[in-house]
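Visitor: what follows is a predicted structure for the sequence shown.
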Amino acid sequence: MISSWPEIAIECLRAVRREHPLVHNITNLVVMNSSANILLALGASPVMAHAQAEVEEMAAAAGALVLNIGTLDRSWIAAMILAGEAANRAGRPVVLDPVGAGATKLRTAEALNILRRVRVTLIRGNPSEINALVDPAGKTRGVESSRGPDGVREAARALSEKTGSVVGVSGERDLIVRGEKSIRVANGSPLMTRVTGTGCGLSAAAGAFLAVRKDPLEAAGAAFACYGLAGEKAAASSVGPGSFEPAFLDALYLLSEDEIRAGVRIESEP
């Protein structure tokens, strides 16, 4: 029986590397390449498909579906809903990354529209994005966060209870909530915020972990911790963002069980 967070993370990463789950991404144009490479480095199999004519078939065949509204377009939103409904019918986990929710009425409205139409397993965003889904009248600074995870705790819990989703809030200490249960993940590096697409890549990575583990809180916690730990490893050998990006892919690919046992920092909260 698995009794600790490091062991949960190890089991998840083993399963991803063994099973190579297909992760269907309907994601933004900026991060298609980086998200695909992150999934490949972990051992998963990415597919980027957004044509309405094929997304239902693809989502049903995949191990998980990741929806990212970063470069928003109404035709893509329609495709996301079709894919999400197909994933629900097939019993596949769904991740929503509400990029920039709160920055414009369109982004907030369409993120909420997806949540009304699709049963989402994990909502992953920064504090401002998560807060905007609970308080649409609030404002955020584009895709950047203006609040820490502590300030969004109640919003995350409210969103989780309303949607039934696990809510993952990225920050200096990540907060992951499922109803009244919550955990903190302290892994990561400031350099991760200096490279475009690392947050979106985390959503994709979480999809891979959800594809291989039934408990979504455990899968999310393991994904956040392994991802952040790889960021720490990459930062230790980098001089700046330019050298960090390839080092990060290498760190994901080479992440060992001993490193996970020694380095994962997850705490359950009351």
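Guide: That came through fine.
Visitor: so how far is the first residue of stretch 189-203 from its last?
Guide: 17 Å (CA to CA, to the nearest Å).
Visitor: which SS class is the residue lying closest to Gly263 once chain neighbours are set aside?
Guide: Spatial nearest neighbour of Gly263, excluding adjacent residues (CB to CB, 6 or more residues apart in numbering): Leu229 at 4.8 Å. To be clear about C-beta, it is placed using only N, CA and C from the backbone, and glycine gets the same treatment. Using DSSP: H, G, I helix; E, B strand; the rest coil, the structure places Leu229 in helix.
Visitor: now do the contacts for Leu229.
Guide: If you count contacts by CB atoms under 8 Å, 6 or more residues apart in numbering, Leu229 has them with Asn187, Leu255, Glu259, Ile260, Gly263, Val264.
Visitor: and it, how far from Ala60?
Guide: 33 Å (CB to CB, to the nearest Å).
Visitor: run a quick neighbour tally on the closest residue to Pro98 other than its chain neighbours.
Guide: Spatial nearest neighbour of Pro98, chain neighbours left out: Ala111 (3.9 Å); criterion: CB to CB, 6+ apart. Ala111 has 28 neighbouring residues, counting by other CB atoms under 10 Å.
Visitor: doesn't Ile69 make contact with Ala111?
Guide: Yes - using CB atoms under 8 Å, Ala111 is in contact with Ile69, at 6.1 Å.
Visitor: and the residue nearest to Gly263, how far from Val185?
Guide: 10 Å.
Visitor: got the contacts of Leu229 as JSON lines, with neighbour count columns?
Guide: Putting these into JSON lines (neighbours: other CB atoms under 10 Å) gives the following:
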{"residue": "Asn187", "neighbour count": "21"}
{"residue": "Leu255", "neighbour count": "22"}
{"residue": "Glu259", "neighbour count": "18"}
{"residue": "Ile260", "neighbour count": "23"}
{"residue": "Gly263", "neighbour count": "19"}
{"residue": "Val264", "neighbour count": "24"}
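Visitor: ok, of those residues, which one's closest to Ala103?
Guide: Asn187 (27.5 Å; CB to CB).
Visitor: give me the below-cutoff pLDDT ranges for the protein.
Guide: Counting by pLDDT under 70, the ranges of the chain that qualify are 1-3, 138-151, 270.
Visitor: quick one: residues contacting Ala111.
Guide: Contacts of Ala111 (CB under 8 Å, 6+ apart): Ile69, Leu96, Pro98, Ala101, Ala132, Leu133.
Visitor: quick one, helices of the protein?
Guide: Along the chain, counting by DSSP state H, helices occupy 5-19, 32-42, 55-61, 74-90, 105-117, 127-134, 153-163, 198-212, 216-236, 241-254, 257-263.
Visitor: quick one: common contacting residues for Ala111 and Ile69?
Guide: The contact lists of Ala111 and Ile69 share Pro98, Ala101, where a contact means CB under 8 Å, 6+ apart.
Visitor: which one of the helices of the chain lies closest to Asp174?
Guide: helix 216-236 (5.0 Å).
Visitor: list the contacts of the residue most central in space within the chain.
Guide: Residue closest to the mean C-alpha point of the chain, counted by CA atoms, centre = their mean, is Ser203 at 2.0 Å. Residues near Ser203 by CB under 8 Å, 6+ apart: Ser35, Val66, Asn68, Val95, Asp97, Leu122, Arg124.
Visitor: beta partners of the last one?
Guide: The partner list for Arg124 in beta bridges (DSSP bridges) reads Gly168.
Visitor: for it, give its distance to Ala206.
Guide: Taken as CB to CB, the span from Arg124 to Ala206 is 6 Å.
Visitor: give the residues shared as contacts by those two.
Guide: By CB under 8 Å, 6+ apart, the residues touching both Arg124 and Ala206 are Val95, Gly168, Ala220.
Visitor: can you put those in JSON lines and add neighbour count and distance to Gly199?
Guide: Shown next, in JSON lines, are the shared contacts of Arg124 and Ala206 (neighbours: other CB atoms under 10 Å; distance: CB to CB, whole Å):
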{"residue": "Val95", "neighbour count": "31", "distance to Gly199": "12"}
{"residue": "Gly168", "neighbour count": "30", "distance to Gly199": "10"}
{"residue": "Ala220", "neighbour count": "29", "distance to Gly199": "14"}
